[in-house]
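A.B. asks: task: produce atomic coordinates for the following.
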Amino acid sequence: MENETSEDFKVEGHDPGVPEAYSQFMRRGWGTSELDAQPHPIAGPAASRRAALAEQFPGERLVLPAGTFKVRANDTEYRFRPDTAHTYYCGNQASDAVLVIEDGHSVLYARPSSGRDSDEFFRDRMYGELWVGRRPSLEEMAHSLGLEVRHIDDLGSALESGGKTRVHRGVAPQVEALIGSDESRDRELAEVVSTARLIKDEWELAELQEACDTTTLGFEDVVRDWANAIRYGERWAEGTFFRRARAMGNDIGYDSIVGGGAHATTLHWIENTGSIDPGALVLMDMGAEGHNLYTADVTRTIPVDGTYTSRQRDVYDLVYAAQQAGIEAVRPGVPFLAAHDAAMSVLAHGLGDMGLLPCSAEESLDPSSRLYARWTLHGTSHMLGMDVHDCANTSIEVYPRGDLAEGMVLTVEPGLYFQADDLLVPEELRGLGVRIEDDIVVTADGYRNLSAALPRTANDVEAWMGRLLP
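C.D. replies: Predicted coordinates for the structure are as follows:
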C-alpha cells in the first residue's frame with residue numbers, strides 16, 4: 001500500500017508511488033554534510049542599512065519578503081531571483097525567506113534544507129534536496145548573513161501581535177495575506193527602500209565594475225564568434241553573451257536585445273529571432289548580473305561587415321556626439337536630467353541639419369513640441385544598480401526631478417531610430433537604428449565610465465572588430 005501522508009510536497013501525477021517500506025528506507029542511513037557558509041561581504045553593510053531603515057520607521061514592524069518561484073509553464077518554474085530590496089537589506093538569495101525588522105532587531109524567516117524525518121528531501125520537486133540540491137540550514141544562514149534566522153513556519157505567529165506593520169508589496173502575496181492591506185503605508189516603505197539605493201558605496205561600485213567587465217568579455221565573445229552569428233542570426237549572439245554572463249556571474253541582468261537591421265529600431269526587441277545580414281548594423285543591448293545581483297547595462301551598435309558605410313557612420317557619429325555630451329554633463333549637483341538634455345540638444349540639431357525637422361531644432365526642443373523625439377523616443381538615462389532600472393519607486397521629486405550626487409550610477413544611452421516604414425525620412429535611412437550606452441558613476445569631481453573598456457567611437461569599434469574577428 002502506498003504511503004499516504006498529509007505532507008504538502010510538490011509532486012506530479014506521473015511520479016511513482018511511495019510505499020511505506022520505501023519511505024522508511026529512504027529516511028535511514030544518511031551522513032551529515034555542511035556547506036561552506038563563509039561570512040557574506042554584505043553582512044556588515046546590511047546591518048547598517050537595516051538600522052538606518054528602522055530609524056525611519058520607529059516603533060514599526062517592517063516586512064521584506066524574498067519572494068518565491070514563478071511558473072514558466074505548467075509544472076516548471078523560472079530559476080529563482082530574490083527581490084532586490086530583500087537582498088539589499090540582508091544578503092539572502094534563497095527563495096521563500098522573509099526579513100522582519102522590528103524594534104531595532106532583525107530576524108530572517110527562512111526555509112532550510114530538507115530534514116530526513118520526512119519524505120520532503122527525496123519527494124519534493126521544488127525544495128527536496130535530491131531534486132534541487134542542498135539548501136543551507138538555519139544555522140548556516142545565520143553564520144553567513146550575521147543575523148538571527150528562524151524557520152519560515154514561525155512567521156505567522158510572529159506577525160500575529162499588534163502594532164503598525166509595513167510590507168514590501170508585490171513580492172509575496174502569501175505574506176501580504178498574513179498582514180492585511182495598508183497600501184499608503186506600504187508605498188511609503190517601497191519609496192524609502194528604493195531611495196536608499198541611490199547612493200552606492202565602494203563595495204557596490206566594485207560589484208558594478210565587475211559586472212561591466214564581465215559584460216565587456218561577453219561582447220568580445222560575440223564578435224569572436226561572428227561567423228556563427230551571421231550563420232544563425234540574433235539568437236546566436238544572445239546565447240553567446242548569456243554563456244559568459246552565467247559562467248562569470250549570476251545571470252543576465254535583463255533579457256538581451258539583439259537587433260539586426262530594422263530590428264534595431266524596436267526599442268525592446270527581445271525576440272532575437274531575426275537574421276544578421278551583411279551590410280547591416282546590429283544593435284546589442286546586454287548586461288551581465290554579478291553573483292551579488294548588481295548588473296551592467298551596455299549597448300553597442302556594430303557593423304556586420306566590420307566597417308560602417310558612409311551613411312551608417314554619419315548616424316553613428318551623431319549618436320556618439322550626443323552620448324559624449326550627455327556623459328560630460330554628469331557631475332554632482334546638476335539635475336539628473338542634465339545628461340538627457342545635453343544629448344537631446346545634440347540629436348535635435350543633428351536632425352535639423354539632416355533636414356528632417358519641420359521646424360528649427362530649438363523649436364523642436366521646446367517641451368511643448370518635442371518633435372525631434374519621433375526619432376529618439378526614450379530618455380537618455382536611468383539609475384542602475386541591483387535592478388537594471390534601479391530605484392524605480394523613489395519619489396519623482398528626488399528621481400528623476402532631483403540632482404545627481406556622488407555615488408549615483410546612471411546609464412547614458414541616446415539613440416536614433418528610423419523606422420522601416422517612416423516616410424518622413426530618406427529611403428536610405430529607413431530601418432536604421434543606433435544606440436550607444438555606458439554605465440556612469442558620479443564622482444566627486446565629475447564622472448567615471450564603468451564600461452569604458454568597450455570602444456565607442458566608430459574608428460575604435462572598427463579597430464576592435466578587426467582585432468577580434470577570426
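A.B. asks: okay, now Asn393: neighbour count?
C.D. replies: 18 (other Cβ atoms under 10 Å). For the C-beta atoms, the positions are set from N, CA and C on the backbone; glycine is no exception.
A.B. asks: pretty sure it contacts Asp186?
C.D. replies: No - using Cβ atoms under 8 Å, Asn393 is not in contact with Asp186, being 10.6 Å away.
A.B. asks: packing partners for the longest helix along the chain?
C.D. replies: Longest helix of the chain, by residue count under DSSP state H: helix 202-224. The contact analysis (3 or more Cβ pairs under 8 Å, 6 or more residues apart in numbering; DSSP states H and E) places helix 202-224 against helix 234-248, strand 281-286, strand 288-289, strand 298-303, strand 438-443, helix 458-468.
A.B. asks: return the set of buried residues in it.
C.D. replies: For helix 202-224, burial by neighbour count (16 or more other Cβ atoms under 10 Å) applies to 204-205, 207-216, 218-224.
A.B. asks: go on, stretch 452-470?
C.D. replies: Buried residues in stretch 452-470 (16+ other Cβ under 10 Å): 454-456, 458, 461-462, 464-465, 468.
A.B. asks: list just the nearest of those residues to Leu351.
C.D. replies: Nearest to Leu351, judged by Cβ to Cβ, of these is Ala458 at 18.8 Å.
A.B. asks: from memory that closest one sits against Thr307, does it?
C.D. replies: No - Ala458 is not in contact with Thr307 according to Cβ under 8 Å; the separation is 9.2 Å.
A.B. asks: and after the helix or strand hosting Ser23, which helix or strand comes next?
C.D. replies: Here Ser23 sits within helix 20-26, counting by DSSP states H and E. Note on helix 20-26: by DSSP H and E, the next helix or strand toward the C-terminus is helix 43-56.
A.B. asks: report all helices and strands that the next helix or strand after that next one contacts.
C.D. replies: Remark: after helix 43-56, the chain's next helix or strand is strand 61-65, criterion DSSP H and E. Using 3+ Cβ pairs under 8 Å, 6+ apart, the elements in contact with strand 61-65 are helix 84-90, strand 98-102, strand 165-167, helix 173-179.
A.B. asks: give the rounded mean pLDDT of the first one.
C.D. replies: The pLDDT scores in helix 84-90 average 98.
A.B. asks: so what does that helix touch, helix or strand wise?
C.D. replies: helix 43-56, strand 61-65, strand 98-102, helix 183-195.
A.B. asks: could I have it exported to PDB, CA atoms only?
C.D. replies: C-alpha atoms of helix 84-90 as PDB (Å, rounded to 0.1, in the frame of the first residue of the first chain):
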ATOM      1  CA  THR A  84      16.100  43.300  -4.700                       C
ATOM      2  CA  ALA A  85      15.000  45.100  -1.500                       C
ATOM      3  CA  HIS A  86      15.100  41.900   0.500                       C
ATOM      4  CA  THR A  87      18.700  41.100  -0.600                       C
ATOM      5  CA  TYR A  88      19.900  44.600  -0.200                       C
ATOM      6  CA  TYR A  89      19.000  44.600   3.500                       C
ATOM      7  CA  CYS A  90      20.200  41.100   4.400                       C
END
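A.B. asks: ok, Val258 - contacts?
C.D. replies: With contacts defined as Cβ atoms under 8 Å, 6 or more residues apart in numbering, Val258 is in contact with 234-235, 237-238, 269, 272, 282-284, 286.
A.B. asks: contact partners for Phe336?
C.D. replies: 381, 399-404, 410.
A.B. asks: if you could redo that for Thr394, that was the one I meant.
C.D. replies: Per Cβ under 8 Å, 6+ apart, neighbours of Thr394: 191, 194-195, 198.
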